[in-house]
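A.B. asks: no sequence on hand, only this structure:
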């Protein structure tokens, strides 16, 4: 069985929606991997979740013990408080980002994963690296399309209730 894998993640979007990116740092023993990717039109929450997915999808050994550090309450609370499993049971009806949550659950269930929420921009060196990777990724030329992003899912966000 491998050592515990530590994954740091961050997502960023300029405009929300707007150009976005994610950054991931994976650490296991002496091994380290940094990943990032940018998209033309997406949201911050999609990038936060995509960072977690990219980190988990990078793992080669099923059943790995993983601790994910994220500054996203959206992601950490959705999993640690069990909300995403309730959403799944209801077919993600009226929930945002179902494409990513389905993808997340598929890879999440292959490992033993625990989330730790950390305050963003609080001088955590690995989180700062993830933030830099995410911001750099969203600024690249020739950004990919976030094919799962559906602007109409976010229309209610445009108005105060």
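C.D. replies: Right, received. Where do you want to start? The shown structure was predicted, so the numbers you read here are calculated from the model rather than taken from an experiment.

A.B. asks: in terms of helix, strand or coil, where does the residue sitting nearest the centre point of the chain fall?
C.D. replies: Residue closest to the average C-alpha location in the chain (C-alpha atoms, centre = their mean): residue 49, at 2.4 Å. Look at residue 49: counting by DSSP: H, G, I helix; E, B strand; the rest coil, its state is helix.

A.B. asks: show me the shaky parts of the protein.
C.D. replies: For the chain, the stretches flagged by pLDDT under 70 are 1-2, 152-161.

A.B. asks: how about a cut-off of 90?
C.D. replies: Applying pLDDT under 90 to the chain flags residues 1-3, 15-16, 94, 119-124, 150-161.

A.B. asks: can you show me the strands along it?
C.D. replies: When secondary structure is read from DSSP state E, the chain shows strands at 5-13, 18-28, 31-42, 65-70, 112-117.

A.B. asks: could you dump those into TSV with mean neighbour count and distance to residue 79 added?
C.D. replies: For glycine as for every other residue, the C-beta is placed from the backbone atoms N, C-alpha and C. Output for the strands of the chain, formatted as TSV (neighbours: other C-beta atoms under 10 Å; distance: least, C-beta to C-beta, whole Å):
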stretch	mean neighbour count	distance to residue 79
strand 5-13	27	12
strand 18-28	24	16
strand 31-42	18	20
strand 65-70	20	9
strand 112-117	16	5
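
A.B. asks: out of these, flag the one nearest residue 78.
C.D. replies: Shortest distance between residue 78 and the strands of the chain, using C-beta to C-beta, is found for strand 112-117: 9.1 Å.
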